[in-house]
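>>> Next comes the sequence, and after it the predicted model I'd like to discuss.
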Amino acid sequence: MSVVRKRGRDASVCARRVCANGDFGKKERSAKRLTKISHVVGTNLVLGLVFALLLTGCGNQPNGGTSEISGSIIVSGATALQPLVQQAAEDFMVDHPNAKIVVNGGGSGTGLSQVSEGQVDIGMSDIFAEEKDGIDASKLVDHRVCVVGFAVVAHPEVSVDNLDKQQLIDIFTGKVTNWSEVGGQDLAIIVVNRPKSSGTRATFKKYALDGQEEAEAGMTEDSSGAIKKIVSETPGTVSYLALSYVDDSIKTLKLDGKEPTVENITSGEYPVWSYEHLYTLGEPEGVAAAFIEYMLSDDVQDNLVSELGYIPITEMKVSREE
Amino acid sequence: MSRWKELRRKLMRSRFEKSLDVAPYDPLNDADEMVGDVLRGDYEAQYWNKTKATIGRLATLVCVVLVMVIAASVILFISQKGVSTFVGTGISIRDFILGTIWYPDRPLDQGGPSFGILPFITGSFSVSMLALLFAVPLGVATAIFVSEINPSFGGKVLRPCTELFVGIPSVVYGWIGLSVLVPLIRNHLGGFGFSILSGGIVLSLMILPTITSVACDALKAVPNSYREAAYSLGATRWQVISKVFVPAAGPGILTGVVLAMGRAFGETLAVQMVIGNVPIIPKSLLDPGITLTTGITMDMVNTVNGSLWNSALWSMALVLLILSLFFMSIVKLIAKRSKL
C-alpha cells in the first residue's frame, strides 16, 4: 500500500521525513492544524458577514414618514412587456437608490397567478385578467401602461399586399391554402402560429379573426425572434408579429386596406392591438405605487415607450374594455 | 574492506531506491496519517483524525439524505400535480394517453376541452427513434475505430472531438438546424423543412457523444485475451471486430443506446426550433410534429397554475418521468443480465 501511495507524495512531505526524528513533525502538524482552524473560523466569519449584509440589504422597509421611496418589489409575467418594464425599473432605481425592483419574465399566466397569490408585487400581462382561466380577476387592479400593435407579416416574395378580414380568417382557419386564392402567385400558404395559450394569439384571434378558431396546420413557435427568422426564410409563410419586431426582412400586409401604423392604431382604424397591463393585488402601495405612477408619467410615456416600439397609452384616442 | 563494502552497499541501495523512484517505507510517516499517529503514540492527532473521519461521514450522510429528499420531492410533486388532471374532472387516463385531439380551450358548446396526448407521444418516439437510427451506426463505428482500429489517433483526437459535442448548448444545435438543415430539407426533399426528420437529425448529433463514449468504454472493457485468442485462430481484423468484439461489448453498447434514448426524449429547445410544433400525428418524415417536452414548454408559462390545462401539462411531465424510469430500469436490467 505504501509504495503506490508514496509515489504521489509531494515534496513537502518528503522534506518532513528528513527531520522526523525529533518532535518537529508534531509541532509542524499542530501548527498546520491551527492554520486550518483559523481558516475555518475565517471563512465562517466572512460567510456570516455576507449573510448579515444580505439580510439587512433585503429587508423590506416600510415607507414611513420620509418622502424617500425605499423597499424592494418583484415584477414577473409577460415577456412582451418585460423589456420596457426592465428599462423603466433601471431608470427608476437610479432616481430612487433605496428602491429595488426585480423584473422576471415567465409569461402572462405565471405573472397573473403569482400576483393573485401574493408571490410577486406586480404581474405583467398582455391580456385582461378576466380572459385568463383560473384567475380571480376581481381581486386584481388593472394598470394599463401601453399598447402593442400587431402586424400580419408574410415572406418577402409573397405578392399579396392587402388582405381583407374574410381572407385573413380563411387563411388562418385553413379554408384557403394557396396564395393564388387571395390574389397572389401559385404558392402554398404556411401558417406560423403562436402556442394556444399565448396572449398574442388570443389577441389576434379576437380582433383579427373575429374569434374564429384557427386550424392546427403549418407550425407553431413561441418566440417573436424565431417567428421573424422563419417567416423571412421560408417561402409562403404568413404570421403575425408585434410592430417592434417588424423590419425589412419580412413583408407587412395591409388589413382591409389599413396599414398597421401607430396613427391607425391610436385612431382606432386598425383593430389588431392589445393593452399591456400591470396587475396588482388590491391598490398598490409604496414602491409598487410609485413605480406604476412613474410608468404612466409623461417622462416614460413620451420617450421610453416609443423608443422600445410600444405605443404610449396616453396617445390612444380609443379605448376598449374586456 | 568494510569501507568498500559499505560504499558498495550504499551505491546499490541508492540505485535501488532510484529505480523505485520512491523513498523507503517509513511507518512513522505513513501516507495514511492515522497509521503514523498510532505507531507514534500521538493521541492528540489520533483524536483529531477520528473527529475528521466522523465529520466526513456525517457530511456524506447529509449529502446523501439531501439528494434522496430532493429526488423524492420532485417525483412526489410531479406525481401530485400530474394526477390532479384525472381526479374529479371526468378525464380518464386512457382518453388522455390514447386521445388524438389536443384542444385544451375548446368551448363548452363544441364539447369542452379535449386533452389527447397521443400526437405528443408519437412525436417523441418517432423523433428519438430517427435520432437513434442515425446516431447508433455512427457512434458504434466511431467507438470501434477509437478502441480497436486506431487507438492513438482515435483516443487523442476523435474521442475528445465527439465529446466536445456535449459542451455545445442546445440552442446552438437548434439555431444551426433552423439555419442550415431546415432550408436544405425544404429545397431538396420537399415539405417546408420543419419536420420530424429535422428534429431527428439535430437530436442524433446531440446524442452521438453519449453513444460513442459508452460504447468506447464497453469495447475497452473486453478482455485482451479474447482478441489474442481470436487472432491466434487466424481471424481477420474485421472478423475479430464483428464476431468477437462487438458481441462481447453488446450489453455495454446497448446501455449507451438506452441512455441516449433517454436524453433524446428529454431534449427540448433544439427540437422545438426545427420540428414545427403542431399537435397532429405526423404521416410522413417531412410532416411537422410535436414532442412531449416541446408541448410542455410552449404552454407551461402561459397557463395558470392549478387550471386544468396546466395540470394536463404536468400529467405530460409525469408521462415523461415514467418513460425515463422505464428506460433506466432497462439499463439496470441489461447491466444485471450481462453480469450473469
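Done, it's in.

>>> and A:Ile74, helix, strand or coil?
Following DSSP: H, G, I helix; E, B strand; the rest coil, A:Ile74 is assigned to strand.

>>> Pass me the low-pLDDT residue ranges in the stretch 101-250 of chain B, would you?
Within the stretch 101-250 of chain B, no stretch has pLDDT under 70.

>>> can you give me the helices in it?
B:118-144, B:151-153, B:159-167, B:170-176, B:182-188, B:196-220, B:224-232, B:237-239, B:246-266 (DSSP state H, counting those that start in this stretch).

>>> nearest to chain A, of those?
helix B:182-188 (6.6 Å; CB to the nearest CB). Placement of C-beta: from N, CA and C, glycine included.

>>> what's the most buried one of the helices of the stretch 101-250 of chain B?
Highest mean neighbour count among those (mean count of other CB atoms under 10 Å in any protein chain shown): helix B:196-220, with a mean of 24.

>>> Let me have the helices of the stretch 101-250 of chain B in TSV, extended by distance to B:Ser311.
Shown next, in TSV, are these (distance: least, CB to CB, whole Å):
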stretch	distance to B:Ser311
helix B:118-144	15
helix B:151-153	53
helix B:159-167	34
helix B:170-176	27
helix B:182-188	34
helix B:196-220	27
helix B:224-232	54
helix B:237-239	56
helix B:246-266	21
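
>>> Tell me which of those lies nearest to A:Val182.
A:Val182 lies closest to helix B:182-188 among the helices of the stretch 101-250 of chain B, at 22.3 Å (CB to CB).

>>> Can you give the contact residues for that closest one?
For helix B:182-188, the external contacting residues (CB atoms under 8 Å, 6 or more residues apart in numbering or on different chains) are A:233-234, B:191-195, B:197-198, B:274, B:286.

>>> ok and the residue in chain A nearest chain B?
A:Gly107 (2.9 Å).

>>> Run a quick neighbour tally on that residue.
Neighbour count for A:Gly107, taken as other CB atoms under 10 Å in any protein chain shown: 27.

>>> Repeat that for B:Trp48.
B:Trp48 has 18 nearby residues by other CB under 10 Å.

>>> For it, give its distance to chain A.
7 Å (CB to the nearest CB, to the nearest Å).

>>> does that residue belong to a helix or a strand, and which?
Taking DSSP states H and E as the definition, B:Trp48 sits inside helix B:43-83.

>>> Verify the contact between B:Arg159 and B:Ser147 for me.
No - applying CB atoms under 8 Å as the test, B:Arg159 and B:Ser147 come out as separate, 9.1 Å apart.

>>> anything in contact with each of those two?
Taking CB under 8 Å, 6+ apart as the criterion, B:Arg159 and B:Ser147 both touch B:Cys216.

>>> show me the contacts for the nearest residue to A:Gly105 once chain neighbours are set aside.
Once flanking residues are discounted, A:Gly105 sits nearest to A:Thr79: 4.5 Å by CB to CB, 6 or more residues apart in numbering or on different chains. Contacts for A:Thr79 (CB under 8 Å, 6+ apart) come out as A:105-107.

>>> Closest one of these to B:Leu130?
For the contacts of A:Thr79, the nearest to B:Leu130 is A:Gly107 (30.5 Å; CB to CB).

>>> Who are the contact partners of the nearest residue to that closest one once chain neighbours are set aside?
Once flanking residues are discounted, A:Gly107 sits nearest to B:Val301: 2.9 Å by CB to CB, 6+ apart. Applying CB under 8 Å, 6+ apart to B:Val301 gives the contacts A:105-107, A:109-110.

>>> cool, and A:Pro260?
A:Pro260 sits next to A:149-152, A:243, A:246, A:252, A:254, A:270, A:272 when contact means CB under 8 Å, 6+ apart.

>>> In a markdown table, list the residues you listed along with neighbour count, pLDDT and distance to B:Ala317.
Below are the contacts of A:Pro260 laid out as a markdown table (neighbours: other CB atoms under 10 Å in any protein chain shown; pLDDT from 0 to 100; distance: CB to CB, whole Å):
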| residue | neighbour count | pLDDT | distance to B:Ala317 |
| --- | --- | --- | --- |
| A:Gly149 | 23 | 91 | 36 |
| A:Phe150 | 24 | 92 | 31 |
| A:Ala151 | 22 | 92 | 35 |
| A:Val152 | 22 | 94 | 35 |
| A:Leu243 | 20 | 88 | 35 |
| A:Val246 | 20 | 88 | 36 |
| A:Thr252 | 18 | 93 | 39 |
| A:Lys254 | 17 | 92 | 43 |
| A:Tyr270 | 23 | 91 | 40 |
| A:Val272 | 22 | 91 | 34 |
